[in-house]
Structures are given as structure tokens and as C-alpha cells.
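Asker: fold the following.
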Amino acid sequence: MSNKRNLLVAIDLGNSAATYGVYAGTKLEASGYVVNNSIPKLVNSMNKNGALVHSDSVIVSSVVPDLTLKLVESLSRFIPKTKVYIVGRTVKLKIPMHYDYRSLGSDRLVNIYGAIKRYKLPILIIDFGTAITFDYVSKRGVFEGGLIVPGVKLSADVLAEKTALLPKLKEIKSVRSLVGRNTKEAMCSGLLNGFGALSDGLIERFRKQYGAKFRVLVTGGFAVKIAPYAKHFDDVDPLHTIRSLALIYQNEIEKKKD
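Answerer: Have a look, this model is predicted:
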């Protein structure tokens with residue numbers, strides 16, 4: 001991390017983890033994540049090598065309102081002169097859509113914005129977070145809608161909680177064979193191959209409805225882990241949400257200052 005001033009910190013607060021990126025201009029200089037959404041740990045992690053001290057602005061996307069408030073309070077104590085922008089509150093995005101804007105999570109909104117700006121349309125965005133979202137944007141840049149399914153880690157946790165003999169997986173390890181040779185291997189294979197197959201199947205259904213010619217962008221915490229078990233992913237970028245937040249700051253905030 002350089003000691004340049006006027007850094008931008010982009011933060012994505014999810015249900016089970018928080019991801020951040022530190023930008024000097026348009027260059028991503030550092031990134032990281034904290035699980036279980038501990039705000040003190042997140043602030044400490046971001047402040048390594050002076051990231052917060054040298055920040056000029058912070059932009060936040062959050063699907064956890066209580067944590068958003070705690071984060072803002074923590075940042076205001078730590079860097080009181082730094083401006084904090086929150087997507088959906090202090091930053092409003094205008095994207096054409098056939099969807100109830102009021103019920104759309106800011107993470108999905110940010111992903112859609114970034115996909116429109118960074119990729120050729122049409123595009124299907126799959127975000128492997130606590131929940132998995134599939135969002136389709138038409139060639140004209142209209143968000144047509146999407147679907148939501150339980151996430152990989154969430155499914156693993158429910159398996160352990162709702163069964164008498166299945167163990168809790170500390171880590172969902174990659175598997176080489178479809179067939180597991182013990183219970184943990186079988187669970188890992190079922191989760192990875194299962195969600196890979198689910199993704200491929202839903203992509204094929206989107207193609208039947210909207211036509212075959214669209215890109216598939218995959219992001220989120222489990223994107224890289226699921227990718228080897230699916231056939232139809234075009235672009236895998238776990239930091240798409242962070243890159244999209246930086247674009248929002250550059251296009252919707254910084255330019256309007258001038």
C-alpha cells in the first residue's frame with residue numbers, strides 16, 4: 001500500500017462478510033475481507049498501512065442496516081473529516097428496470113451498475129454470497145429482474161443444523177471426484193457440484209427465455225470456488241462489487257463535484 005493521500009475506500013457489507021478495496025485514483029491498491037462482519041476488525045483491517053488515515057472518501061454498499069450504522073459511527077470517530085457515501089441513501093442510482101426498485105438490495109444494484117459500465121450487454125450477473133442472486137440486464141441496459149437461491153455456506157450450515165449426523169464443515173474443500181469417499185467429502189462434492197450444476201441449469205433457462213447471446217459474469221465470495229464445477233461462466237471476478245463501487249464514486253460523485 002502506498003502512502004498517497006486522497007485514497008478512496010470502497011466497502012461492501014454483506015450478511016456474513018465484509019469486503020473492501022482501497023483506490024488511488026482508478027487503481028486498486030489493496031483489498032481484503034472480514035468474515036462475520038465485525039466492524040472493529042473491519043476498520044482495523046482497512047487501516048493497515050494507513051488506508052483510512054489517508055482516505056479522502058469512503059463509499060459503502062450494505063444489505064445490513066444495523067451494521068451500516070455501526071460502521072458509519074466507527075468511521076466518524078476514526079476519520080471524522082472523511083466523507084462517507086452510502087449507496088441507496090446518500091447516493092441514488094438511476095438504472096432502467098422492470099423490478100421493484102424499493103425491494104432491490106444495494107449489492108445487486110451496485111453489481112448491475114458496474115456490469116453495465118464494464119461489460120458488453122446483455123449480461124447475466126451471478127453473485128455467490130450468503131444468498132445467490134441471478135440478475136439479467138438486457139442489451140439496452142434494462143434490468144429485467146432475477147432470482148434468489150440459498151447460498152453455498154448457508155446450505156452447508158443448514159445441513160449440519162437440521163440433521164443428526166452430518167458434521168459442520170469448517171471449510172468447503174475442493175474435490176477431484178464427483179463421488180465422495182467419506183461424509184465430509186460427500187458434502188463438499190454435493191455443494192460444489194450441486195451449485196455448479198444449478199448454475200448451469202439456470203443459465204440454460206435464461207438462454208431459453210432471453211436468447212443465447214449474453215455474457216455470464218460471476219462474483220461473490222464463492223465465485224472462484226464454484227467456477228471449476230460449472231461450464232457456462234464467462235467472467236469470474238470476486239471483486240466486481242468493489243470495482244463497481246469505485247465506478248459509482250468516480251461517475252456519480254467525483255464528476256459532479258467538478
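
Asker: do a quick rundown of the strands in the chain.
Answerer: 7-13, 17-24, 27-35, 55-62, 83-86, 123-128, 131-137, 143-150, 215-219, 235-236 (DSSP state E).

Asker: how close does the residue nearest to A160 when sequence neighbours are not counted sit to E254?
Answerer: Sequence neighbours aside, K168 is the residue nearest to A160 in space, at 4.0 Å (criterion: C-beta to C-beta, 6 or more residues apart in numbering). Every residue, glycine included, has its C-beta placed from N, CA and C. Taking C-beta to C-beta, to the nearest Å as the measure, K168 falls 45 Å from E254.

Asker: again, but for F78
Answerer: 23 Å.

Asker: coming back round to it: I'd like the strands of the chain as TSV, with mean pLDDT, distance to S199 and mean neighbour count appended.
Answerer: What follows is the strands of the chain, written out as TSV (pLDDT from 0 to 100; distance: least, C-beta to C-beta, whole Å; neighbours: other C-beta atoms under 10 Å):
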stretch	mean pLDDT	distance to S199	mean neighbour count
strand 7-13	95	21	26
strand 17-24	93	20	23
strand 27-35	91	22	15
strand 55-62	94	23	23
strand 83-86	95	31	17
strand 123-128	98	6	25
strand 131-137	98	8	22
strand 143-150	97	10	16
strand 215-219	98	8	22
strand 235-236	98	12	18
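
Asker: output those strands in a markdown table, with distance to S106 appended to each entry.
Answerer: Converted to a markdown table, the strands of the chain look like this (distance: least, C-beta to C-beta, whole Å):
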| stretch | distance to S106 |
| --- | --- |
| strand 7-13 | 9 |
| strand 17-24 | 13 |
| strand 27-35 | 17 |
| strand 55-62 | 5 |
| strand 83-86 | 8 |
| strand 123-128 | 12 |
| strand 131-137 | 12 |
| strand 143-150 | 14 |
| strand 215-219 | 15 |
| strand 235-236 | 22 |
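
Asker: to V158, which of the ones you listed lies closest?
Answerer: strand 143-150 (7.4 Å; C-beta to C-beta).

Asker: now do the closest one: which elements does it pack against?
Answerer: Contact analysis of strand 143-150 by 3 or more C-beta pairs under 8 Å, 6 or more residues apart in numbering; DSSP states H and E lists strand 131-137, helix 183-210 as its packing neighbours.

Asker: elements contacting the first one?
Answerer: It stands for strand 131-137. Packed next to strand 131-137, using 3+ C-beta pairs under 8 Å, 6+ apart, are helix 106-118, strand 123-128, strand 143-150, helix 183-210.

Asker: name the stretch among these that sits most buried.
Answerer: Highest mean neighbour count of the helices and strands packed on strand 131-137: strand 123-128, a mean of 25 (counted as mean count of other C-beta atoms under 10 Å).
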